[in-house]
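*Asks:* Give me a model of this one.
(chains A and B)
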Amino acid sequence: GQNIDQPTEMTATEGAIVQINCTYQTSGFNGLFWYQQHAGEAPTFLSYNVLDGLEEKGRFSSFLSRSKGYSYLLLKELQMKDSASYLCAVRAILTGGGNKLTFGTGTQLKVEL
Amino acid sequence: DSGVTQTPKHLITATGQRVTLRCSPRSGDLSVYWYQQSLDQGLQFLIQYYNGEERAKGNILERFSAQQFPDLHSELNLSSLELGDSALYFCASSLGGDSYEQYFGPGTRLTVT
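*Replies:* Here you go, the predicted structure:
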């Protein structure tokens, strides 16, 4: 099976930097994703890591260590609109073929003035 | 706007009933995924279709079934509905069967009374 852990809530200040951690345990690892989801809306894709290291995309960066089963999402220059739930998701290859994406329960980020 | 459409947006029905949710993927995408998001369970992968065939199966109940039609739209059928089936149902699409980026539709909010 798969197990994904991320903090339930975080609070940060506008303009600051925040790091959201995610640890996972899975077999057949085939990539780690971060999605942003505003309440009642669809998740939107933020980043994808399949190799160890840092992927940077504007104000957002994501890091992966496969040996440690660990990832983080780094958000810089926080804006009020970044207040949302951030979902860590792990993709695993299924024995019968295909891939399954398993989501963590999400980290609710609140950005304050 | 992700390009994925889902209908209806809201659905209210009674226990024991059957409903059908519809999804049209982005133009050119061959894969469709179905997810259920409830407050206590987070986002759960249900099933994936690729070019008309079932490709991967997640935590889908036997009361639920899905299919993908030749025009690539997909339907999720939920029968013998229970109160616990009340949730947001998301459809996502991707270009290929193993593409890493999934685009989510706006979701269908199902309320079972």
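
*Asks:* contacts and neighbour counts: CA atoms only from here.
*Replies:* OK.

*Asks:* any idea how far B:Y33 is from A:I93?
*Replies:* 15 Å (C-alpha to C-alpha, to the nearest Å).

*Asks:* Between the two, which has more neighbouring residues?
*Replies:* Ranked by neighbour count (other C-alpha atoms under 10 Å in any protein chain shown), A:I93 and B:Y33 place B:Y33 first, with 28 against 18.

*Asks:* which residues touch the more buried one?
*Replies:* B:F45, B:L46, B:I47, B:Q48, B:Y49, B:C91, B:A92, B:S93 (C-alpha atoms under 8 Å, 6 or more residues apart in numbering or on different chains).

*Asks:* so it is in which element?
*Replies:* B:Y33 belongs to strand B:31-38 when assigned by DSSP states H and E.

*Asks:* What mean pLDDT does that strand get?
*Replies:* Average pLDDT, strand B:31-38: 95.

*Asks:* Kindly report the same for stretch A:70-87.
*Replies:* Averaged across stretch A:70-87, the pLDDT comes to 97.

*Asks:* Now that stretch: buried residues?
*Replies:* Buried positions in stretch A:70-87, judged by neighbour count with 16 or more other C-alpha atoms under 10 Å in any protein chain shown: A:70-76, A:78-79, A:82-87.

*Asks:* Tell me which of those fall in strands.
*Replies:* Within these, residues falling in strands by DSSP state E are A:Y70, A:S71, A:Y72, A:L73, A:L74, A:L75, A:A84, A:S85, A:Y86, A:L87.

*Asks:* I figured the fourth one was touching A:K57, is that so?
*Replies:* The one in question is A:L73. No: contact between A:L73 and A:K57 fails when scored by C-alpha atoms under 8 Å: they sit 10.9 Å apart.
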